[in-house]
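1. Just to be clear, the model below is a prediction. Sequence and coordinates:
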Amino acid sequence: MKKNTIIILIAIFSAFSLNVYPSEWQWSVEVEKFVSGETNDHPRAFLWIPSNCERVRAVVFGQHNMCEETIFEHPVFRDAMSELGFAVVWVSPGFEQQWDVNNGCQDIFDKMLADMADVSGYEELQTAPIVPLGHSAMATFPWNFAAWNSNRTLAVVSYHGDAPRTNLTGYGGSNLEWGRTRNIDGIPSLMVQGEYEWWEARVNPALAFRLMYPQSCISFLCDAGHGHFDVSDEVVSYISLFLKKAARYRLTDAQQELKKVDINKGWLAQRWYSNQQNRAEAAPFSEYEGDTHDAFWYFDEEIANQTEKYYAESRGKRFQYISYIQDRQQALSGKSNIGFYPKEDGVTFNLAAVYSDSLRQNITTEHSSVGKISIDRLCGPVTKVNDTTFTVRFYRMGLNNNKRTGDMWFIAHNKGDAVYKSAVQQLNIRIPYPNKEGRAQSITFAPITNIKANTKKVKLNAYADSGLPVYYYVKEGPAVVDEKKNYLQINKIPPRAKYPIKVTVVAWQYGRTVGDKIQTAEAVERSFYIEK
């Protein structure tokens, strides 16, 4: 492909970003290590409580696979959780894929929440209802968590994941045996599977489970027009609606025992089929005229109709495909992973995407006429600068995770039009960490003094003896980094927060793998406290 052609193609991208990054997590606690080969450090649990939250009504709990953090930090999700008074807990790396209580995971979980209650001041975290949410390799544990915590589980979300008691677990190993008396009756549960990852062998166990456990409240969403490595605005809105329904039908103001959902008062809607035109109409449970063995349960008319609307959006439309272009790779790439080719600063790089044929080898004109291709961060140590420019940015996940520290994931996407359905294409780039080539460098970062609660900004003054710019991330605390002005912005603090509040910021410099090569500097961590 000619260079000027690539320049023209790059110009078609939109500046719209799927996610706001980074988001704050006000507190963190160390988690007792067990079953984790990803890092030499203990896993760390991060807690976010809405800034307007007087009392935590429930906790959404997820472990680090991929899409959990993307959902948890999505503005729509955060707004919905603020409205509901739900806290969010994210653990990195994850510590249990099965939720086999014989491994001690329940004790670790309970201690984690007790520690979070103590450090945050929100003591109800220890007893609040839980919404386990997991993606892919972490999508099995929510079902098993609910089975062993049926009195405390508000709802279940298995995202691009599994059916309960499936024989095809996201992590690829054997599933747990529940025994004859254990069940999740009355617990609203949502399984999401993408159209572009569709596999009948994954959805059929969900239908079978409904037959085996007729009081189970299993909802299903085919994420039509989307794939496995994908978090769209639409699916986040749907999950948010699902959790709002769970709160409405199960929580009381007194937050005593959870109300069980009466399946007979819900609705039924037919399962998703590709290009199906003659669907049975969604209807109240007792009035549904379709095959009940081929249908899923929903809270009420609103969410049942929202499911049908979700499916209708892409039904009957043509497929379109996306490929990537990258510096030094002047040809289309159908690969899901490509090399890291930074610019002179060692951290900035370019990506672009084009519409291609189904083999992702040739440019095509057969694509949506509405909107442009956007490329966004899915997860990992990267942030978006503009349409085609990205830069390495390490974050609270840490720098000692052999599997994740240098692992960046992207999604290129277009929503489609009246003819073409939504298109998505994931991409993975791994960077070496630490970079050990070139001359050494070190960071000087002076201690930060404690501040008062009315302080809005804290100046950051670290520098590297290499002369390269130093970057920062907030490990914990109600703050975000303003890189342009080199300071921390202190955010609104939840009203019942326990003082003093610890803020930990990490200064890092990756180095340079091009030109005058410079090694990664040892990161420097500084903590201070916000005092009342």
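-> Yes, it's here.

2. where do the strands sit along the stretch 251-400 of the chain?
-> 267-270, 283-284, 295-298, 321-326, 329-333, 348-356, 374-379, 382-384, 389-392 (DSSP state E, counting those that start in this stretch).

3. Neighbours of the closest residue to residue 160 other than its chain neighbours, how many?
-> Nearest residue to residue 160, sequence neighbours excluded (C-beta to C-beta, 6 or more residues apart in numbering): residue 228, at 5.1 Å. C-betas here are computed from N, CA, C, even on glycine. Counted by other C-beta atoms under 10 Å, the residues lying close to residue 228 total 19.

4. contacting residues around residue 118?
-> Taking C-beta atoms under 8 Å, 6 or more residues apart in numbering, we find residue 118 in contact with residue 498.

5. Correct me if wrong, but it is in a helix.
-> Yes. Using DSSP: H, G, I helix; E, B strand; the rest coil, the secondary structure at residue 118 is a helix.

6. May I have the longest helix belonging to the chain as PDB, with CA atoms only?
-> Of all segments of type helix in the chain, defined using DSSP state H, the longest is helix 233-250. C-alpha atoms of helix 233-250 as PDB (Å, rounded to 0.1, in the frame of the first residue of the first chain):
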ATOM      1  CA  ASP A 233     -22.000   1.600  25.200                       C
ATOM      2  CA  GLU A 234     -25.100  -0.400  24.400                       C
ATOM      3  CA  VAL A 235     -24.100  -3.500  26.400                       C
ATOM      4  CA  VAL A 236     -23.000  -1.400  29.400                       C
ATOM      5  CA  SER A 237     -26.400   0.300  29.300                       C
ATOM      6  CA  TYR A 238     -28.100  -3.000  29.200                       C
ATOM      7  CA  ILE A 239     -26.200  -4.400  32.200                       C
ATOM      8  CA  SER A 240     -26.900  -1.200  34.100                       C
ATOM      9  CA  LEU A 241     -30.600  -1.600  33.400                       C
ATOM     10  CA  PHE A 242     -30.400  -5.200  34.600                       C
ATOM     11  CA  LEU A 243     -28.800  -4.200  37.900                       C
ATOM     12  CA  LYS A 244     -31.400  -1.400  38.300                       C
ATOM     13  CA  LYS A 245     -34.100  -4.000  38.000                       C
ATOM     14  CA  ALA A 246     -32.300  -6.300  40.500                       C
ATOM     15  CA  ALA A 247     -32.200  -3.400  43.000                       C
ATOM     16  CA  ARG A 248     -35.900  -2.500  42.400                       C
ATOM     17  CA  TYR A 249     -37.200  -6.100  42.800                       C
ATOM     18  CA  ARG A 250     -34.900  -7.400  45.500                       C
END
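
7. Buried residues in that helix, which are they?
-> For helix 233-250, burial by neighbour count (16 or more other C-beta atoms under 10 Å) applies to 234-247, 249-250.

8. quick one: which of these is nearest to residue 79?
-> Using C-beta to C-beta, residue 240 is the member of the buried residues of helix 233-250 that sits closest to residue 79, with 8.0 Å.

9. In this structure the closest one contacts residue 77, no?
-> Yes. In this structure, residue 240 is within contact of residue 77 by C-beta atoms under 8 Å, at 5.7 Å.

10. Quickly, which of the strands of the stretch 251-400 of the chain bottoms out on average pLDDT?
-> Averaged per stretch, pLDDT over the strands of the stretch 251-400 of the chain is lowest on strand 329-333, reaching a mean of 53.

11. Listing request: residues of the stretch 201-350 of the chain with sub-threshold pLDDT.
-> Counting by pLDDT under 70, the stretch 201-350 of the chain has low-confidence residues at 254-256, 327-335.

12. residue boundaries of the helices in it?
-> For the stretch 201-350 of the chain, the helices defined by DSSP state H, counting those that start in this stretch occupy 233-250, 301-312.

13. could those helices go into JSON lines alongside distance to residue 198?
-> Listed next are the helices of the stretch 201-350 of the chain as JSON lines, based on distance: least, C-beta to C-beta, whole Å:
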{"stretch": "helix 233-250", "distance to residue 198": "15"}
{"stretch": "helix 301-312", "distance to residue 198": "13"}
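
14. So which of the ones you listed is nearest residue 444?
-> Of these, nearest to residue 444 by C-beta to C-beta is helix 233-250, at 41.1 Å.

15. now that closest one, how far from the chain's geometric center?
-> The chain centroid and the centroid of helix 233-250 are separated by 15 Å under C-alpha atoms, centre = their mean, to the nearest Å.

16. who touches it?
-> 18, 57-58, 60, 71, 74, 76-77, 80-81, 83-84, 86, 129, 131, 154-155, 157, 159, 188, 190, 192, 219, 221, 223, 226, 258-261, 299-300, 302-303, 306, 310.

17. Return the subset of the residues you listed lying in strands.
-> Of these, the ones assigned to strands by DSSP state E are 58, 60, 86, 131, 157, 159, 188, 190, 192, 219, 221, 223.

18. what is the second one paired to in the beta sheet?
-> Listed by DSSP bridges, the beta-bridge partners for residue 60 are residue 88, residue 131.

19. confidence score at residue 485?
-> For residue 485, the pLDDT comes out at 88.

20. ok, now how distant is it from residue 472?
-> 12 Å (C-beta to C-beta, to the nearest Å).

21. And those two? Which one has more around it.
-> residue 472 (23 against 10).

22. isn't the more buried one right up against residue 503?
-> No. Residue 472 is beyond contact range of residue 503, at 11.6 Å (criterion: C-beta under 8 Å).

23. okay, and the common contacts of the two?
-> Shared contacts of residue 472 and residue 503, defined by C-beta under 8 Å, 6+ apart, are found at residue 488.

24. what helix or strand does residue 526 sit in?
-> Assigned by DSSP states H and E, residue 526 belongs to strand 524-531.

25. Would you mind writing the CA trace of that strand as CSV?
-> The C-alpha trace of strand 524-531 is given here as CSV (Å, rounded to 0.1, in the frame of the first residue of the first chain):
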residue,chain,number,x,y,z
VAL,A,524,9.1,5.3,42.9
GLU,A,525,6.0,5.2,45.1
ARG,A,526,4.9,8.0,47.4
SER,A,527,2.0,8.0,49.9
PHE,A,528,0.4,10.9,51.8
TYR,A,529,-2.9,11.4,53.6
ILE,A,530,-5.9,13.6,53.3
GLU,A,531,-6.8,14.8,56.7
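
26. And for that strand, what's in contact with it?
-> Strand 524-531 is touched from outside by 443-453, 455, 458, 462, 475, 477-478, 490, 493, 499-508, with contacts defined as C-beta under 8 Å, 6+ apart.

27. Out of the buried residues of helix 233-250, name the two that are farthest from one another.
-> Longest span within the buried residues of helix 233-250, C-beta to C-beta: 234 and 250, 24.5 Å.

28. thinking again about what came up before, among the contacts of strand 524-531, name the buried ones.
-> Neighbour counting over the contacts of strand 524-531 (16+ other C-beta under 10 Å) leaves 443, 445, 448, 451, 458, 462, 475, 477-478, 490, 493, 501, 503-508 as the buried ones.

29. Where strands are concerned, which of those residues count?
-> Short answer: the buried ones among the contacts of strand 524-531 in strands (DSSP E) are 443, 451, 458, 475, 490, 501, 503, 504, 505, 506, 507, 508.
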